[in-house]
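# quick one, fold the following:
(chains A and B)
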Number of protein chains: 2
Amino acid sequence: MASSGHTIKAFDDELDQLRGSIAQMGGLAEEAIKEAMRALVQRDTEAAARVVENDKKIDALEAEVERTAVQIIALRAPMADDLRDVVAALKIAGVVERIGDYAKNIAKRVPVLEQMGKIAPLALLPEMGRIAGEMVGNVLNAFAARDAQAALAVCERDEALDNFYNSIFRTLLTFMMENPNNITQATHLLFIAKNLERVGDHATNVAEMVYFAATGEKMAERSKGADPAEG
Amino acid sequence: MASSGHTIKAFDDELDQLRGSIAQMGGLAEEAIKEAMRALVQRDTEAAARVVENDKKIDALEAEVERTAVQIIALRAPMADDLRDVVAALKIAGVVERIGDYAKNIAKRVPVLEQMGKIAPLALLPEMGRIAGEMVGNVLNAFAARDAQAALAVCERDEALDNFYNSIFRTLLTFMMENPNNITQATHLLFIAKNLERVGDHATNVAEMVYFAATGEKMAERSKGADPAEG
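Next up is the predicted model:
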């Protein structure tokens, strides 16, 4: 329902603004995961505190995306594909905000762990963090490029992440069984691994949305890799 | 931007349809939590399998809410409060869908736990499940009634849930330390407690949205009860 004030260029600019905010959120979320994991490995409580603080920027951007989306809907009366794009942007912003929360939750455990002794180095965790962070970056690139194949690739990577999770879970169980003194610390690391596994799930959720937006078809059902028997 | 086809009654009917779908989702999610916890306590793997299967109904309702919301936006061009109501309905449907997922994840652990021996009865867990389920029911009633005070009450209840979580965490740690044979089972129960704590968080997220929609103001910041030191 076009009015005389509606120009295609202004609408495109606003959609670009929306996409830009999401890209910005994605970059911050990816950085948060990276920094939280670095702080964990290096027991850097100040870096961890910065991750927690910076999460507010991600939350603020999500609020901005919501305001812009509502404004676009109210002023431009988008139809069909444009309307679905705006709704998808709203949903994706929500998912990215939750990814940021997982990074923040990881960072919150750093000062707690720093109080405890050193656990046998768990090299799998930082590697899992790297994969989760890359999935976030890749899926947001796929979103920006409307690239269905890139979105599919992110979903396929989730299986590797789930395998990491299962291995870390088993490794931590053995630490706990070997020595009760390890239990508390191992439990924290277990939750961190679970947070990373959830980041991967969220990245695949976004990938499914990107795929659908790009192709009009739902992605084929994937078998879930994380064995509930492993946690 | 009213057209000759736009009637207030049709619009109200569509908004009611939206709200009705969310109420239905909420009822299913609350039932899922209750059934998952009952299946856990009674080691009823068939009941647990039904919870997992029934989650699809919740997912289907969320897709329906999204379609209806997009349709309302496209056909009715809602403005101001009406538009915010539709966007809020979209967001709340997403949160309730995630609450359903937590119930499903709890149910998925039941057959795994059923294979293991009986752990000392953990009466706190079913009680925690009851509180979490009530919070979901109460917040959706608050949503239906646009009741800001009821929404506030749900947020205040979250502290009790977090206290339960902390107690269960500590209790499970002692079980793990007492006997390494308990560790695997205790870890599953820990994840279940974490899922319930997250259900409470999601219920409070919805409460904040309901409060804002009803009053136009953000709810006051609450101190987070769950101590990261406890997990």
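
# can you map out the helices along chain A?
With DSSP state H as the criterion, chain A has helices at A:8-42, A:45-76, A:80-114, A:124-145, A:148-178, A:183-215.

# how distant is the shortest one from the center of its chain?
What it means is helix A:124-145. Chain-centre distance of helix A:124-145: 8 Å, with C-alpha atoms, centre = their mean, to the nearest Å.

# list the contacts of the residue nearest the centre of chain A.
By C-alpha atoms, centre = their mean, chain A has its centre lying nearest to residue A:99, at 3.4 Å. Residue A:99 is in contact with A:29, A:33, A:136, A:199, A:202-203, counting by C-beta atoms under 8 Å, 6 or more residues apart in numbering or on different chains. (Glycine included, C-beta is placed from N, CA and C.)

# closest to chain B out of the residues you listed?
Chain B lies nearest to residue A:202 out of the contacts of residue A:99, by C-beta to the nearest C-beta, at 10.5 Å.

# how many residues are close by the closest one?
Look at residue A:202: counted by other C-beta atoms under 10 Å in any protein chain shown, it has 23 neighbours.

# using a markdown table, lay out the helices of chain A together with mean pLDDT and distance to residue B:192.
Converted to a markdown table, those look like this (pLDDT from 0 to 100; distance: least, C-beta to C-beta, whole Å):
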| stretch | mean pLDDT | distance to residue B:192 |
| --- | --- | --- |
| helix A:8-42 | 93 | 25 |
| helix A:45-76 | 94 | 26 |
| helix A:80-114 | 92 | 18 |
| helix A:124-145 | 95 | 23 |
| helix A:148-178 | 93 | 15 |
| helix A:183-215 | 93 | 12 |
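
# CSV for these, including distance to residue B:44?
Shown next, in CSV, are those (distance: least, C-beta to C-beta, whole Å):
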stretch, distance to residue B:44
helix A:8-42, 38
helix A:45-76, 40
helix A:80-114, 32
helix A:124-145, 34
helix A:148-178, 25
helix A:183-215, 26
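
# any idea which of those gets closest to residue B:65?
Nearest to residue B:65 among the helices of chain A is helix A:80-114; the distance by C-beta to C-beta comes to 11.4 Å.

# contacting residues for residue A:125?
A:37, A:40-41, A:168, A:189, A:192-193, A:196.

# swap the cut-off to 7 Å and go again
A:168, A:189, A:192-193 (C-beta atoms under 7 Å, 6 or more residues apart in numbering or on different chains).

# and for residue A:131, the neighbour number?
Quick note: residue A:131 (other C-beta under 10 Å) scores 18 neighbours.

# do residue A:9 as well
Counted with other C-beta under 10 Å, residues neighbouring residue A:9 total 7.

# that one and residue A:16, how far apart?
10 Å (C-beta to C-beta, to the nearest Å).

# how about the contacts of residue A:125, which pair is most distant?
Taking C-beta to C-beta, the two most distant members of the contacts of residue A:125 are A:168 and A:192; they sit 8.9 Å apart.

# sorry, back to before: export the contacts of residue A:125 to JSON lines and tack on distance to chain B and neighbour count?
JSON lines is the format used below for those (distance: C-beta to the nearest C-beta, whole Å; neighbours: other C-beta atoms under 10 Å in any protein chain shown):
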{"residue": "A:168", "distance to chain B": "12", "neighbour count": "24"}
{"residue": "A:189", "distance to chain B": "11", "neighbour count": "22"}
{"residue": "A:192", "distance to chain B": "10", "neighbour count": "25"}
{"residue": "A:193", "distance to chain B": "11", "neighbour count": "26"}
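
# good, we can wrap up now.
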